[in-house]
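Engineer: Below are the sequence and a predicted model for it; my questions follow.
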Amino acid sequence: MRAPIGLILLMLLALRVRAFGQDFVLQLYDPSTLPPGSAAVQEKTEKTDITRISNVRVPSIAVYLPSKRLATGQAVVICPGGGYQILAYDLEGTDIARYLNSLGVAAVVLKYRLPVSCGCPEPWHAPLDDARRAMRIVRHNAGTWNIDAGKIGIMGFSAGGHLASSLGTHFDRGNQTAQDPVERESCRPDFMILMYPVISFVDPSTHAGSREALLGKNPDTALMTSFSSELQVRPDTPPTFLVHASDDQTVPVRNSLLMYDALHSRGIPVEMHILTEGGHGFGLGLGNPHVNSWTENLRLWLKALNHAG
C-alpha cells in the first residue's frame, strides 16, 4: 500500500534536517543597544516552547541554507503568524524553512518583536522595523550566503502575512549616509508569498484581534489605513503569490481577494490559489494532500520567477 503524500513529504523533510538544518542565529540589532523604539525596562520575559514564542525581547533571524549543489540563489525571509500576540514558530517558521531548503531556496525565520510586549511607545512600528532590518541583513550577506541579492523575498502566514505585505508596501531603498553598512541596503522584497494573510484593517473582513494587538483598541483612521495593505500597493510593490482557504473562519478569504485586486489592477504580477478546504493555520498542510498542493504550486512559481529574473 502506498504511503500518503503528506507522510512521504514529512519523512523527506525529516531527512532534509540532517542535510541542511539550522545553520546559525543572528540578532537583528547590536546587543549593546536596545532595538529601535524599545523601552529601557521590559517587564515581560520571553517565553519559548516547541511550538510558539511570546514576549519577544531580542529579535533575531535563524538562517537555513541549502547545499550549494541545490541552491537556486533565491532566499525567503519567513514571518510566522500568531495574531501579533505569539509566533507559531515551528508550523509557520522552521517547518517552512526546511521545505524551502529542499527546493534549494535559502530560508530565514524572523523572530520579530510583538507589539503587546515590546515596551514601545508606538508598538506598531516594532514588527515592521524588524522585518526591514532582517531584509537588509540578508541582502548585505547575500554574497557570503550564496544568495542572489536581487532574489530575496518575504513570506508570511496570517498576521505574519500582514507583516510581509506591510514590508512589500512600506519599504525603502536604504540610507546611503548611514554609518552602519547594513542600513544602506534596500529592504524591498523582490517577491512576496502571502499565506492566508491578514490584509485590511478597514474592511469588515479584518481580523480584529490582529488589528487590536498591533494598533490598540481605538486606533485612528489614518493608522488603520496605513496598515491596510490593499490601500498601500505602489507601482514597485513586488510580484506576489497568495494562498487562502475559502472556509477560513478566522481570517476571511476576502483579505486575499482585496490584495489580489489591488495588485492586479496596478499591473503587478500576482498568482492566487483559493482552496475549498483547509480552514486557518494549515501550514504545510501535511495531513491533507489537497491542502498540501500549495507547496508544489509555490515550487513552480518560484522556478518560473527565478527564470524570469
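Structural biologist: Looks like it arrived, so ask away.

Engineer: Isn't Ser256 up against Pro197?
Structural biologist: Yes. Counting by CB atoms under 8 Å, Pro197 is a contact partner of Ser256 at 6.4 Å. The C-beta positions use only the backbone N, C-alpha and C, and glycine is treated the same way.

Engineer: shared neighbours of the two, anything?
Structural biologist: Leu242, His244 (CB atoms under 8 Å, 6 or more residues apart in numbering).

Engineer: Tell me the secondary structure at Leu298.
Structural biologist: Following DSSP: H, G, I helix; E, B strand; the rest coil, the label given to Leu298 is helix.

Engineer: Please tell me I have it right and it contacts Thr240.
Structural biologist: No. The criterion here is CB under 8 Å, and Leu298 misses it with Thr240 at 11.9 Å.

Engineer: What about His307, how many residues nearby?
Structural biologist: 7 (other CB atoms under 10 Å).

Engineer: Just the element for it, please.
Structural biologist: helix 289-308 (DSSP states H and E).

Engineer: So what's the gap between that helix and the chain middle?
Structural biologist: 17 Å (CA atoms, centre = their mean, to the nearest Å).

Engineer: swap in stretch 96-113?
Structural biologist: That offset, for stretch 96-113, works out to 10 Å (CA atoms, centre = their mean).

Engineer: What of stretch 107-119?
Structural biologist: In this view, stretch 107-119 has its centroid 11 Å away from the chain centroid, taken as CA atoms, centre = their mean.

Engineer: and if you look at stretch 58-74?
Structural biologist: 15 Å.

Engineer: Likewise for stretch 205-214?
Structural biologist: So, by CA atoms, centre = their mean, the centroid of stretch 205-214 is 17 Å from its chain's centroid.

Engineer: List the buried residues in that stretch.
Structural biologist: Ser205, Thr206, His207, Ser210, Arg211, Glu212, Ala213, Leu214 (16 or more other CB atoms under 10 Å).

Engineer: Now intersect those with the helices, please.
Structural biologist: Ser210, Arg211, Glu212, Ala213, Leu214 (DSSP state H).

Engineer: how near is the third one to Gly281?
Structural biologist: The reference is to Glu212. 19 Å (CB to CB, to the nearest Å).

Engineer: and what of the first one?
Structural biologist: Here the distance between Ser210 and Gly281 works out to 13 Å (CB to CB).

Engineer: Would you state the strands of the stretch 51-200 of the chain in chain order?
Structural biologist: For the stretch 51-200 of the chain, the strands defined by DSSP state E, counting those that start in this stretch cover 53-54, 60-64, 75-79, 106-111, 152-157, 192-195.

Engineer: Can I get those in TSV including mean neighbour count, distance to Glu271 and mean pLDDT?
Structural biologist: Shown next, in TSV, are those (neighbours: other CB atoms under 10 Å; distance: least, CB to CB, whole Å; pLDDT from 0 to 100):
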stretch	mean neighbour count	distance to Glu271	mean pLDDT
strand 53-54	18	30	88
strand 60-64	21	24	98
strand 75-79	30	16	98
strand 106-111	27	20	98
strand 152-157	29	13	98
strand 192-195	28	10	98
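
Engineer: Can you check which of the ones you listed gets nearest to Pro35?
Structural biologist: strand 60-64 (10.5 Å; CB to CB).

Engineer: Now do the closest one: which elements does it pack against?
Structural biologist: strand 24-27, helix 95-102, strand 106-111, helix 125-140 (3 or more CB pairs under 8 Å, 6 or more residues apart in numbering; DSSP states H and E).

Engineer: Give me the sheet partners of the first one and which way each runs.
Structural biologist: Note on strand 24-27: by DSSP bridges, its sheet partners are strand 60-64 (antiparallel).

Engineer: which outside residues touch the strand it pairs with?
Structural biologist: 20-28, 77, 93-94, 97-98, 100-101, 106-111, 134, 137-138, 145.

Engineer: Can you tell me which of these are buried?
Structural biologist: 20, 28, 77, 93-94, 97-98, 100-101, 106-111, 134, 137-138.

Engineer: Fine, thanks again, bye for now.
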